[in-house]
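**Q** Model the following, please.
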Amino acid sequence: MLRRTKIVATLGPASSDQKVLEDMIRAGVDLVRMNFSHGSAADHMKRAEVVRAAAKAVGRTVGILADLQGPKIRVGKFENDKIELNRGDTFILDAAMNGLGNQERVGLDYKELPNDVSRGSVLLLNDGMLEFDVVEVNGMSIVCKVVRGGILSNNKGINRKGGGLTAPALTEKDKEDIKTAALINADYLAISFPRSGDDMRYARKLMHEAGGQSLLMAKIERAEAIPALADIIDASDAIMVARGDLSVEVGDAAVPGLQKRMIKMARAKNRLVITATQMMESMITNPIPTRAEVSDVANAVLDGTDAVMLSAETAVGDYPVETIEAMVRICLNAEHQTDDHAIDRRGIVQKFTRIDQSIAMSALFAASHFKVKAIVALTQSGSTALWMSRVNAGVPIFALTPVEQTLTKVTLFSGVHPVLFPGRNAQHPAQELIDAEQQLVEMGYVEDGDLVVVTVGEAVGKSGHTNTMKIVRIGDHHKNSI
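**A** Below you'll find the predicted structure:
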């Protein structure tokens, strides 16, 4: 059974070995996330090589997502690596401090924080585990009263409840990392903490200047991003529902509703969407997920997310392969709940702006009327497959392309399966269709007698020129359409 929802796995110490990566890819990984918060440019380049070698060894196409660190605002380091704070304690966040922190104060890596807060501001540290009320700001020192205490250790992050921090989305480190992402030919580039569409447009400019062709993904994790959501999505190719920092800033109870809203908006705008953060958190140390985690993943699938993402579970967890296997089971079962229903024609775009878009929608409409086994898109850029993936057609979509970059990018498209197809033949288009049919038969996806919908362009080798839709029966080479 082909899975529609894609699985993204974060690389780390637990998943850097090629053998482990091969097992993860066999288990079902479609896209790997390289976290640029850790490691050097040389580390990222080496890891990309290992990923591609592992994918080749397994015989599957796997995409690469380069995830920029962004302006992560953190405390400095402590003399003894950590302290314990209790409710009612006074504690100072000191932007002028250069040495190691102690029980009374600690330094900051973001020196502008005193300008972004005032008396009455609420700061959340270590993913919201600790809560501070700002009592006063005295020069470079932020004097806080501990509302919710606990352990505070080196380099833990800081958020302001309700948002309002002015740190730019792209740091100098991020700008250098964009060049690295271009060098490794990353398929997707994730921008952390964007506040507006302008942040995404600036990132795209830098990516193009670096010679990269990555699709841009906006990580929605700032409170300020919510009112600017439409602009951010328009300026991006994909979004990530980054529930960790987002829940700290807007409150955990608001996130489920925002998740559904973001997925719906992204799909309506023909953008891709990943749902992320703590999806299978307990499997960092346990071989099976909790029932709540099963429901969380399944609900994201039912919401229509293109992909679900694993973070620490595969980066540092004890059971990276088992976690992927569990996620595959959950996705397939959730998808099965909707597979028996006819295509929702309300999802088909009613107003077309391009010929290839109208062909994509025609293919979906035809698939909803005939009992077809698959939709086959012979494509250069993958655009036709992307448009079709925005609607659950109830059948697999195969993107046949000779373009390696298109193959790896469609690994994130919901319901779309990449197939390397070198046989684009301008002189013999009829033979090309026969070759495509034969390849799918040999791969076991279809068999003689099956009905399939095919989209193809007469201008072979050109992007955006899909202009033909056919309904064909596999093996019936004398009657190409019915």
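**Q** And the helices in the stretch 301-450 of the chain?
**A** For the stretch 301-450 of the chain, helices defined by DSSP state H, counting those that start in this stretch occupy the ranges 312-315, 320-339, 355-369, 383-389, 404-409, 429-442.
**Q** the domain parsing of the chain - what is it?
**A** Using automatic domain parsing, the domain parsing of the chain gives 6-70+169-336, 82-160, 345-473.
**Q** Could you export the ones you listed as CSV, including mean pLDDT and distance to Gly76?
**A** Heads up, the C-betas are built off the backbone N, CA and C, glycines and all. Output for the domains of the chain, formatted as CSV (pLDDT from 0 to 100; distance: least, Cβ to Cβ, whole Å):
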stretch, mean pLDDT, distance to Gly76
domain 6-70+169-336, 97, 17
domain 82-160, 96, 3
domain 345-473, 85, 37
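**Q** Mean neighbour count added to these, as TSV?
**A** Putting the domains of the chain into TSV (neighbours: other Cβ atoms under 10 Å) gives the following:
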stretch	mean neighbour count
domain 6-70+169-336	20
domain 82-160	17
domain 345-473	19
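**Q** How about the contacts made by Gln213?
**A** By Cβ atoms under 8 Å, 6 or more residues apart in numbering, the contact list for Gln213 reads Asn185, Met207, Gln405.
**Q** Including distance to Ala276, could the residues you listed go into a markdown table?
**A** Formatted as a markdown table, the contacts of Gln213 follow (distance: Cβ to Cβ, whole Å):
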| residue | distance to Ala276 |
| --- | --- |
| Asn185 | 23 |
| Met207 | 21 |
| Gln405 | 24 |
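**Q** Just the closest of those residues to Met140, please.
**A** Met207 (35.2 Å; Cβ to Cβ).
**Q** got the residue ranges for the helices in the stretch 101-250 of the chain?
**A** Counting by DSSP H, counting those that start in this stretch, the helices of the stretch 101-250 of the chain are 113-116, 172-183, 197-209, 229-234, 243-250.
**Q** Determine the angle, from 0 to 180 degrees, between the second one and helix 197-209.
**A** Right, helix 172-183. 50 degrees (axes from the mean of the first three to the mean of the last three Cα atoms, to 10 degrees).
**Q** ditto for the last one
**A** Counting by the same axes, to 10 degrees, helix 243-250 points 150 degrees away from the direction of helix 197-209.
**Q** returning to that earlier point: just send the helices of the stretch 101-250 of the chain back as TSV, with distance to Asp450 too.
**A** Shown next, in TSV, are the helices of the stretch 101-250 of the chain (distance: least, Cβ to Cβ, whole Å):
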stretch	distance to Asp450
helix 113-116	60
helix 172-183	40
helix 197-209	41
helix 229-234	37
helix 243-250	40
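**Q** So for Gly457, which of those helices sits nearest?
**A** The nearest among those, by Cβ to Cβ, is helix 197-209 at 25.5 Å.
**Q** Now that closest one - C-alpha only, PDB.
**A** What follows is helix 197-209, C-alpha atoms only, in PDB (Å, rounded to 0.1, in the frame of the first residue of the first chain):
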ATOM      1  CA  GLY A 197       6.800  37.800   3.600                       C
ATOM      2  CA  ASP A 198       9.700  40.200   3.200                       C
ATOM      3  CA  ASP A 199      11.900  37.900   5.300                       C
ATOM      4  CA  MET A 200      11.100  35.100   2.900                       C
ATOM      5  CA  ARG A 201      11.700  37.200  -0.200                       C
ATOM      6  CA  TYR A 202      15.100  38.300   1.200                       C
ATOM      7  CA  ALA A 203      16.100  34.700   1.900                       C
ATOM      8  CA  ARG A 204      15.100  33.800  -1.700                       C
ATOM      9  CA  LYS A 205      17.300  36.600  -3.000                       C
ATOM     10  CA  LEU A 206      20.200  35.400  -1.000                       C
ATOM     11  CA  MET A 207      19.600  31.800  -2.100                       C
ATOM     12  CA  HIS A 208      19.600  32.700  -5.800                       C
ATOM     13  CA  GLU A 209      22.700  34.900  -5.400                       C
END
